[in-house]
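# Give me the fold of what follows.
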Amino acid sequence: MAMKHAKPNFSQSQVVEMVERLFRLTPSEIRSLPSYDDQNFYVAAMEGGEYVLKIMNSEDSKNSSLVEVQTYAMSYLHQNGLPAQTALPNTSGQLLSLEETDCGYGCQEYLVRLLTYLPGTTISKVPLTPQLLYETGKTAARMDLILKEMEHHHLSELQRENFLWSLSNVLLLEKYIHVLDGDPLNKVVKSVLHQYQTSVVPQRSNFRKCINHGDFNDLNVLVQPDDSDGYRISGILDFGDMNSGYYIHELAITIMYMMTEHPNPIEVGGPVLAGWESVLPLSEAEKECLYVLVLSRFCQSLVIARYSVTLHPENAEYLMITTKKGVHILQNLWELGKEQVEKVWFQSAAQFSDKK
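Down below sits the predicted model:
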């Protein structure tokens, strides 16, 4: 994350060649899909079927064991009834291929996978009704419960000690906080980090451990219309941030990202929490830390995005998507304070569950 690394830039003709050689498929349509630091292509095949070709950046491509676990997790969720993508074996029977090419940074190796394409639209594009938020919370909890049972010989790769996006590593932000110098946000972020240090870290031994997807955000959850004029979740994308964590981390991340898409963000916590607790009721320690963990995720998102812009100014627009709304929400949550926000979340969660 902290390094400036080579984002792949394979041409369409290279993609066609790769798909034909590795998967014996003939592309009838190829189009580029957005990505933070990888390269993704939508591929429709003459033989039938729609796929996503994922080409990982050179840095992440160095750890094929981690990618192997993430790829396995997707198929494991799929087998257990959750809508995740699965990877197609290539001609040599492997799910991962290392492709060497020069994308303008000298010869580098890039990990390539072909994943099934999931239909649907991102949840960011539809109205976030309480019912859909409830389903989102419920799906996130089911996902973590299923992942808890997963076995794999590279499971230890998910420890990811210095992974900047892990909610266990919020205090690593202190190294990057200088990007906010002179910004009124600086004070808020420092206060949240202090709260995290004093109230979350001592409670962590009381959290229940699990494996986190780690990025259950508004662009990684797909929905399709259901029979009752609403939407149902039809896809869970992007397992690149998976890490060993705690149930409460996944819930905090889910609430934070859904807030960035809601006209009245404070209303998001209740229904997501109710959906989550329909599967996994929170312990006292987890309840106690939820507010600070949600704010901590806002801080991660803001600081890392600002820092990334200093490395990749050309990518500024994409990097700052969440940031624009996030700044206002973080300030608002901080000003309202823990007691007030918790009251709104936990009361509306209780009311929501009563109606069920």
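# is it true that Tyr134 touches Phe352?
Yes - using C-beta atoms under 8 Å, Tyr134 is in contact with Phe352, at 6.6 Å. Just so you know, the C-beta spots here come from the backbone N, C-alpha and C atoms, and that holds for glycine as well.
# can you list residues touching both of those two?
Counting by C-beta atoms under 8 Å, 6 or more residues apart in numbering, the shared contacts of Tyr134 and Phe352 are Pro271, Ala274.
# For the host helix or strand of Ile253, name the packing helices and strands.
Under the criterion of DSSP states H and E, Ile253 resides in helix 247-259. Packing partners of helix 247-259 (3 or more C-beta pairs under 8 Å, 6 or more residues apart in numbering; DSSP states H and E): helix 130-148, strand 209-212, helix 269-277, helix 284-311.
# any idea of the mean pLDDT in the last one?
Same thing as helix 284-311. Across helix 284-311, pLDDT averages out at 94.
# Next up, the contacts around Pro271.
Counting by C-beta under 8 Å, 6+ apart, Pro271 makes contact with Pro130, Gln131, Leu133, Tyr134, Gly137, Ser348, Ala349, Phe352.
# how about 6 Å then?
Pro130, Leu133, Tyr134, Phe352 (C-beta atoms under 6 Å, 6 or more residues apart in numbering).
# just for the chain, where's the confidence low?
Along the chain, the parts satisfying pLDDT under 70 run over 1-6, 102-105, 318-319, 321-322, 356.
# from the chain's centre, how far out does the longest strand anywhere in it sit?
Assignment by DSSP state E gives strand 107-116 as the longest strand of the chain. Averaging C-alpha positions (C-alpha atoms, centre = their mean, to the nearest Å) puts strand 107-116 20 Å from its chain's average.
# Give the other helices and strands that it contacts.
Strand 107-116 sits against strand 50-55, strand 97-102, with contacts defined as 3 or more C-beta pairs under 6 Å, 6 or more residues apart in numbering; DSSP states H and E.
# Give me the contacts around the first one.
Spelled out, that is strand 50-55. Strand 50-55 is contacted from outside by 8, 10, 39-41, 43-44, 110, 112-115, 117, using C-beta under 6 Å, 6+ apart.
# ok, now with 8 Å
Outside of strand 50-55, the residues within contact range by C-beta under 8 Å, 6+ apart are 8, 10, 15, 18-19, 25, 33, 38-45, 85, 88, 99, 110-117.
# Following element in sequence after it, please.
Next along from strand 50-55, by DSSP H and E: helix 64-79.
# the inter-axis angle of that next one versus strand 97-102?
If you take axes from the mean of the first three to the mean of the last three C-alpha atoms, to 10 degrees, helix 64-79 sits at 130 degrees to strand 97-102.
# buried residues in helix 64-79?
The neighbour-count check on helix 64-79 (16 or more other C-beta atoms under 10 Å) flags Ser64, Leu66, Val67, Glu68, Val69, Gln70, Thr71, Tyr72, Ala73, Met74, Tyr76, Leu77 as buried.
# ok, and which of the helices and strands packed on strand 107-116 has the densest surroundings?
Sort these by mean neighbour count, taking mean count of other C-beta atoms under 10 Å, and strand 50-55 sits at the top with a mean of 21.
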